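Participant: Pasting the sequence and the predicted coordinates here, then a few questions.
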Amino acid sequence: MVDSSIRQASASTRGPLEVLRAFTRLGLTSFGGPIAHLGYLRSEFVERRKWLDDSQFAQLLAACQFLPGPASSQLGFAIGLLRAGWLGALAAFVAFTAPSALLLFALAGTGMSAGEGVASAITHGLKLVAVAVVAHGVLQMSRKILVEGALILIAALSAAIILVIEGAVVQLGVIAAGASLGDMLCRRPPSSEGPSLTLPFGRRAAGIAAALFVVLLIPALFVPSTEPSLPGLAAAFYRAGALVFGGGHVVLPLLETSLVGTGWMSKNVFLAGYGAAQAVPGPMFSLAAYLGAETATGVSAVMGSLVAVAAVFLPGFLLLIAVLPFWARLHGIPAAQRSIAGVGAAVVGLLGAALFDPVWTSAVAGSADVAIAIVALALLHAFNRSALLVVLWCVSASLVMWQVG
């Protein structure tokens with residue numbers, strides 16, 4: 001039975017096809033990497049579709065930040081789950097991941113990557129898209145979450161710590177500190193004004209998910225992978241997805257150790273896939289489609305790709321399912337509300353820090369880039385234009401600057 005604090009979702013009126021359409025749009029247009037995806041998700045589902053409010057968005061994002069795995073994909077999975085149940089979660093994952101996974105699978109064996117010239121200019125333009133999208137998200141979340149001085153202080157301290165000390169463990173510590181400071185300092189938590197999280201399952205399903213995570217992790221950790229057979233691939237990618245905090249680029253060292261370090265593929269082939277992954281929309285973990293196709297032995301490239309993608313995403317989703325019912329129960333408890341408000345402020349600080357490094361530092365190289373990013377932010381923030389228009393503007397402007405330069 002679902003806990004009394006968790007209301008059953010009405011999947012019959014919020015169909016998975018609705019989720020599939022929404023996430024297909026994002027899967028085709030969400031350029032800019034994991035941090036930018038959080039901005040896209042907020043813009044689409046908080047502002048445009050109003051499937052959840054900023055408080056709920058911050059709660060879900062904080063839960064995803066606490067867990068290993070790809071935070072943006074976990075957040076999308078959770079949004080689909082809240083909207084349309086298990087089929088909605090599956091639809092969100094498939095629609096958000098399939099476009100990039102198919103593109104990267106198509107590149108396997110070709111030796112192609114995003115290199116110099118036009119491809120480099122396009123990639124640079126997409127990085128500028130990330131600047132505008134993340135900045136827009138930070139501004140909007142700040143306005144709605146940082147409603148008192150204590151929360152502004154928590155956000156500022158969180159951003160400062162992250163900018164000075166790098167690492168996924170530090171991020172977890174900042175979120176935990178935000179929860180503690182929120183309980184001590186906040187007077188009126190903004191989360192008390194919004195509805196609680198609505199889940200289609202309870203503790204029993206959460207326990208099954210947690211047990212399955214552990215059962216699959218044990219062989220992935222201790223069974224040696226001597227060749228890139230399907231079991232070997234599944235173990236390597238499940239291990240990477242289960243042990244990486246921060247997602248996205250953070251998973252690359254683990255995958256490089258498992259694939260290049262074992263001699264399953266050359267470093268040049270690995271880096272070619274990484275380069276191509278920078279120029280496609282969708283989650284960075286979709287790189288598994290390319291790597292699985294390149295390394296599979298004794299089976300088709302399609303099967304290797306499917307196994308790699310499923311294995312790298314699965315642990316993060318299982319952990320999220322295991323945690324969400326307990327996370328949802330915190331709503332309605334005053335102390336917990338204050339802590340969640342502090343967590344929301346810490347998340348704003350984390351995104352603000354990420355806006356500077358790595359988003360700004362990796363994208364903006366001069367005054368022309370600043371101008372392009374400002375126009376893109378104005379399109380989003382002042383004129384409420386679509387992210388697709390921002391992508392077209394940034395890429396076109398980057399190509400023009402490349403031609404001029």
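Facilitator: Perfect, I can see it now.
Participant: So Ile372, which state does it fall into?
Facilitator: Three-state call for Ile372 (DSSP: H, G, I helix; E, B strand; the rest coil): helix.
Participant: so the nearest residue to it once chain neighbours are set aside is in which element?
Facilitator: Nearest residue to Ile372, sequence neighbours excluded (C-beta to C-beta, 6 or more residues apart in numbering): Ala397, at 4.6 Å. In short, each C-beta sits where N, CA and C put it, glycine included. Taking DSSP states H and E as the criterion, Ala397 maps to helix 387-404.
Participant: close enough to count as contact, Val134 and Phe356?
Facilitator: No: at 9.6 Å, Val134 and Phe356 do not qualify as touching, with contact defined as C-beta atoms under 8 Å.
Participant: Gly298: how many residues sit nearby?
Facilitator: Gly298: 10 surrounding residues under other C-beta atoms under 10 Å.
Participant: which regions of the stretch 301-405 of the chain lie under the pLDDT threshold?
Facilitator: 331-332, 387 (pLDDT under 70).
Participant: switch the cut-off to 50
Facilitator: Along the stretch 301-405 of the chain, no part satisfies pLDDT under 50.
Participant: what about the helices in it?
Facilitator: Along the stretch 301-405 of the chain, counting by DSSP state H, counting those that start in this stretch, helices occupy 301-328, 334-354, 361-363, 367-381, 387-404.
Participant: Out of the ones you listed, which is the most enclosed?
Facilitator: Among the helices of the stretch 301-405 of the chain, ranked by average contacts under mean count of other C-beta atoms under 10 Å, first place goes to helix 334-354 (a mean of 25).
Participant: how far off helix 301-328 does it point, in degrees?
Facilitator: Angle, helix 334-354 to helix 301-328, by axes from the mean of the first three to the mean of the last three C-alpha atoms, to 10 degrees: 140 degrees.
Participant: Show me which residues of the longest helix anywhere in the chain are buried.
Facilitator: With secondary structure taken from DSSP state H, the chain has its longest helix at helix 71-107. Going by neighbour count (16 or more other C-beta atoms under 10 Å), the buried part of helix 71-107 is 71-101, 103-105, 107.
Participant: What is the subsequent helix or strand relative to it?
Facilitator: For helix 71-107, the following helix or strand on the C-terminal side (DSSP H and E) is helix 118-145.
Participant: From the contact counts, what lies against that next one?
Facilitator: helix 34-42, helix 54-66, helix 334-354, helix 361-363, helix 367-381, helix 387-404 (3 or more C-beta pairs under 8 Å, 6 or more residues apart in numbering; DSSP states H and E).
Participant: Adding distance to Ala150, write those out as TSV.
Facilitator: Compiled in TSV, the helices and strands packed on helix 118-145 are given as follows (distance: least, C-beta to C-beta, whole Å):
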stretch	distance to Ala150
helix 34-42	23
helix 54-66	16
helix 334-354	8
helix 361-363	30
helix 367-381	26
helix 387-404	33
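Participant: nearest to Val214, of those helices?
Facilitator: helix 54-66 (17.5 Å; C-beta to C-beta).
Participant: Residues contacting the closest one, please?
Facilitator: 38, 41-42, 45-46, 52, 71-72, 74-75, 78-79, 140-141, 144-145, 171-172, 175, 190-191, 193-195, 197, 320, 323-324, 327, 331, 340, 343-344, 346-348, 350 (C-beta atoms under 8 Å, 6 or more residues apart in numbering).
Participant: Leu181 and Ile154 touch, don't they?
Facilitator: Yes: with contact defined as C-beta under 8 Å, Leu181 and Ile154 form a contacting pair (5.2 Å).
Participant: the more surrounded of those two?
Facilitator: Using other C-beta under 10 Å as the criterion, Leu181 and Ile154 rank with Ile154 on top: 29 against 23.
Participant: so the more buried one makes contact with Ser180?
Facilitator: No: counting by C-beta under 8 Å, Ile154 does not reach Ser180; the two are 9.8 Å apart.
Participant: any shared contact partners between these two?
Facilitator: In contact with both Ile154 and Ser180: Gly342, using C-beta under 8 Å, 6+ apart.
Participant: Give the residues shared as contacts by Leu181 and Ile154.
Facilitator: Contact criterion C-beta under 8 Å, 6+ apart; residues shared by Leu181 and Ile154: Gly342.
Participant: element containing Val299?
Facilitator: Short version, using DSSP H and E: Val299 is in no helix or strand.
Participant: Quick check: chain neighbours aside, which residue is closest to the most centrally placed residue in the chain?
Facilitator: Centrality entry for the chain: nearest residue to the mean C-alpha point is Ser72, 1.5 Å, by C-alpha atoms, centre = their mean. Using C-beta to C-beta, 6+ apart and skipping the chain neighbours, the partner closest in space to Ser72 is His37 (3.7 Å).
Participant: okay, now that neighbour: neighbour count?
Facilitator: Neighbour tally, His37, other C-beta under 10 Å: 29.
Participant: try Ala279
Facilitator: As a burial measure, Ala279 scores 18 neighbours (other C-beta under 10 Å).
Participant: and the gap between it and Val391?
Facilitator: According to C-beta to C-beta, to the nearest Å, Ala279 stands 12 Å off from Val391.
Participant: list the residues that contact both of those two?
Facilitator: Counting by C-beta under 8 Å, 6+ apart, the residues touching both Ala279 and Val391 are Leu126.
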